[in-house]
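A.B. asks: With the sequence up front, the predicted model follows.
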There are 2 protein chains.
Amino acid sequence: MATIYQVSELAGVSLATVSRVMNKNTKVSDKTTKKVLDAMQTLGYKPNSIAQSLASNCTNSVGILVSELHGPFFAQMMAGIESELRAAGKHVIITTGHSEEDKEKEGIDFLISRRCDAIILHVEAVTDEYLISLSRGTTPVYLMSRYVEELKEHCISLDNKLGGYLATKSVLEQGHTEIAYIAGPQFKADAANRLAGHKQALEEANITFDPSLYFEGDFNETGGSSALEHLINSKLNFTALVCANDEMASGAMKYAREHGYHLPNDLSIVGFDNVIFANYLYPTLTTIDNPVAKMGEMAAKLVLKDVYQTKNIKINRFFEPTLMQRDSSAPLK
Amino acid sequence: MATIYQVSELAGVSLATVSRVMNKNTKVSDKTTKKVLDAMQTLGYKPNSIAQSLASNCTNSVGILVSELHGPFFAQMMAGIESELRAAGKHVIITTGHSEEDKEKEGIDFLISRRCDAIILHVEAVTDEYLISLSRGTTPVYLMSRYVEELKEHCISLDNKLGGYLATKSVLEQGHTEIAYIAGPQFKADAANRLAGHKQALEEANITFDPSLYFEGDFNETGGSSALEHLINSKLNFTALVCANDEMASGAMKYAREHGYHLPNDLSIVGFDNVIFANYLYPTLTTIDNPVAKMGEMAAKLVLKDVYQTKNIKINRFFEPTLMQRDSSAPLK
DNA sequence: TTGTAAGCGTTATCAT
DNA sequence: ATGATAACGCTTACAA
């Protein structure tokens, strides 16, 4: 592969001049510019971005750490980040943390040693303290779907409490008063906040939260099935079921259907996240839209603004979820 | 950030020695090794992989180009590639081509200029000739789900014809003889091969292919709906419908259900790919499993073997799809 | 076993 | 406007 040196030789100019026409940061006469361009053309010269990175101390790459690569949630997020960054000529280096503390830390180290200009993290296992000390390092750190007060300028987060509130409120407004809730693992802030929203909606409707209509699931489909099984076996009455994510809602729907429930007549079900398949379920799932793709774009924009000094970018760090009313929930008859 | 130079100073050895303990390629006495390790520890030294890449001419990164980041198909593939590569200490740089020739080429240039040690491509718009000339360059090129004779050693592909055959055969074995087919865009090799498999199955059953029971769709959900609409309007009888992918099958299922069909009694439907949501549909979709994640892993292994000289890796370039019999298709009554 | 020094392909600071 | 030349942080012959 041709180097800048060969280009300079062929064009009969110095290295520096070639570098200048590439970077357009210093005036170069039209004549020499043309000579250089021609030389590049005939040599098929492509700059070595590794060398550029070393010399300029800028890799034009941002590291992304997500829990999993598959799964609708992260894919959407990454798509949002990548498209925005790519349009700005930056690229993404992606790695996974699998929601395990060691792997998350290892992934972060990895990204940092690649000298990413910034890292965007969707971490679940690592502590706030770790993140705070991490962001004292030289690599700017951004957080997705996680709010850490000390790092608030670097957090893109969703109002999960509002989402939980909207979900429950939607069935309350349909006349339901006996509402079961399948929560996510409460050590996760999202899950806890969604539950808090649920409780707030109940409170506003003057309904006391009944712990026996509550079950802590695992955010997985099978967890949704067994949670509903548990709730049904408890012999308590409920006409609506609010789930802390779509996977569990889907599992619950399956279990309900297999046990003779007619949806939504016998039971209204609401999910959370609005993942792709929510619209493929039968009946289509009423859920809370989690604007992950938009949040991904925004994280990218934030990096573009902070790290790459791109001008005229409007930042919004806080996103509000919205209700997607579909067919799995209906007014109480 | 600490450099190798500072480490060498603190440890009282030369640069070279520090480099040696990092790379473990030359013997270093235990005593000096310890000194170096200690120095690294106290300085919190992390090697600058950019500098390593420049000096060693190896970036330890492999570029991936997929059509889209979202969508169950690519997510699975990338997950397979990433996990395998990551375990070997390599990392992935991901970019997208959006099935457009210009963007695919641009993405490839991008990856090459980042000096990836190899690139794994899932391209659709670019020509075979382009790929052939590309692979004459210095960066090794690998192809996913695309077979180019001249590059066969670098192709990981699926036997789409077999898949198409299995899909149709499954309904034939259920007693169906009037079988409609919604194909994918025929300029895509996958789509054409799936159709060929369908025809072969019909032929073996002594059923002549009926062009009026055939419709070329666009691989999208809406395309599936309108395709079925078209087929139904043609007033021809058919008891089974084979679709060239799950998205179209899903669209067809929706249309059928909305138009009073009871599935699978009134119509058996079969898809292709076994994307995540196939199992969330109602009824659950009978489909052909496309082992994308496994193929992704294999592509990574191939790179590990060819490019990074990893030993003891068994390579399989050709994958066979399998039938996933679920509830959307049933024996003809 | 360890050190010296020449790259790797750029950018960027001086001069001119 | 252009040219020398010193970084950038590491690897790797070649010497010792």
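C.D. replies: In hand now; what should we look at? Quick caveat: nothing in here was measured; it's all calculated off a predicted structure. Numbering: from 1, shown residues only, chains lettered A, B, ... in the order given.
A.B. asks: Now do the phi/psi pair for residue A:261.
C.D. replies: Main-chain torsions, residue A:261, degrees, to the nearest 10: phi -80, psi 140.
A.B. asks: now do residue A:266
C.D. replies: According to degrees, to the nearest 10, residue A:266 has phi -80, psi -20.
A.B. asks: do the same with the one 5 residues further on
C.D. replies: Per-residue torsions, residue A:271: phi -110, psi -160 (degrees, to the nearest 10).
A.B. asks: where's it relative to residue A:77, distance?
C.D. replies: 18 Å (Cβ to Cβ, to the nearest Å). In this view, the C-beta of every residue, glycine as well, is placed from N, C-alpha and C.
A.B. asks: For those two, work out which one has more neighbours and name it.
C.D. replies: Taking other Cβ atoms under 10 Å in any protein chain shown, residue A:271 and residue A:77 do not tie; residue A:271 has more neighbours (31 against 28).
A.B. asks: hang on, the more buried one packs against residue A:285?
C.D. replies: Yes: using Cβ atoms under 8 Å, residue A:271 is in contact with residue A:285, at 5.0 Å.
A.B. asks: Spit out the residues that contact the two alike.
C.D. replies: A:246, A:249-250, A:278, A:328 (Cβ atoms under 8 Å, 6 or more residues apart in numbering or on different chains).
A.B. asks: out of the residues you listed, who's nearest residue A:62?
C.D. replies: residue A:246 (28.5 Å; Cβ to Cβ).
A.B. asks: for residue A:83, what are its contacts?
C.D. replies: Here residue A:83 is in contact with A:297, B:96 (Cβ under 8 Å, 6+ apart).
A.B. asks: Report pLDDT for it.
C.D. replies: In this model, residue A:83 is scored at 93, pLDDT.
A.B. asks: same deal with the one 4 residues further on?
C.D. replies: With respect to pLDDT, residue A:87 has a value of 90.
A.B. asks: And residue A:258, by the same measure?
C.D. replies: So, for residue A:258, pLDDT stands at 89.
A.B. asks: count of residues packed around it?
C.D. replies: Neighbour tally, residue A:258, other Cβ under 10 Å: 9.
A.B. asks: ok, it to residue B:18 distance?
C.D. replies: 63 Å.
A.B. asks: Likewise for residue A:128?
C.D. replies: For residue A:128 relative to residue B:18 (Cβ to Cβ), the value is 35 Å.
A.B. asks: what about the residue lying closest to residue A:205 once chain neighbours are set aside, how many neighbours?
C.D. replies: The spatial neighbour of residue A:205 that comes closest, neighbours along the chain excluded (Cβ to Cβ, 6 or more residues apart in numbering or on different chains), is residue A:172 at 5.0 Å. Counted with other Cβ under 10 Å, residues neighbouring residue A:172 total 19.
A.B. asks: which residues sit in contact with residue A:172?
C.D. replies: Neighbour list for residue A:172: A:179, A:201-202, A:205, A:207 [criterion: Cβ under 8 Å, 6+ apart].
A.B. asks: got it, and residue A:193?
C.D. replies: Taking Cβ under 8 Å, 6+ apart as the test, what residue A:193 contacts is A:160-161, A:164.
A.B. asks: in what helix or strand does it lie?
C.D. replies: helix A:189-204 (DSSP states H and E).
A.B. asks: in that helix, what's buried?
C.D. replies: By 16 or more other Cβ atoms under 10 Å in any protein chain shown, the buried positions in helix A:189-204 come out as A:189-195, A:197-202.
A.B. asks: who in the stretch 1-150 of chain A is up against DNA strand D?
C.D. replies: A:12-17, A:20, A:26-29, A:31-33, A:51, A:54-55, A:57 (Cβ under 7 Å from any atom of the strand).
A.B. asks: Weed out the non-buried ones from the residues you listed.
C.D. replies: Using 16+ other Cβ under 10 Å, the buried ones in these are A:13, A:17, A:20, A:28, A:32-33, A:51, A:54.
A.B. asks: Mind checking which of the shared contacts of residue A:271 and residue A:285 are in helices?
C.D. replies: Members of these lying in helices (criterion: DSSP state H): A:246, A:249-250.
A.B. asks: how many neighbours does the closest residue to chain B within chain A have?
C.D. replies: Using Cβ to the nearest Cβ, residue A:282 is the residue of chain A that sits closest to chain B, at 3.2 Å. Around residue A:282 there are 18 other residues, counting by other Cβ under 10 Å.
A.B. asks: distance of the closest residue to it other than its chain neighbours from DNA strand C?
C.D. replies: Spatial nearest neighbour of residue A:282, chain neighbours left out: residue B:282 (3.2 Å); criterion: Cβ to Cβ, 6+ apart. From residue B:282 across to DNA strand C, the span is 56 Å (Cβ to the nearest atom of the strand, to the nearest Å).
A.B. asks: Residue A:54 too?
C.D. replies: 4 Å.
A.B. asks: just the helices in chain A please.
C.D. replies: Under DSSP H, chain A gives helices at A:4-11, A:15-23, A:30-43, A:49-56, A:72-87, A:101-113, A:128-134, A:160-172, A:189-204, A:221-233, A:246-258, A:292-306.
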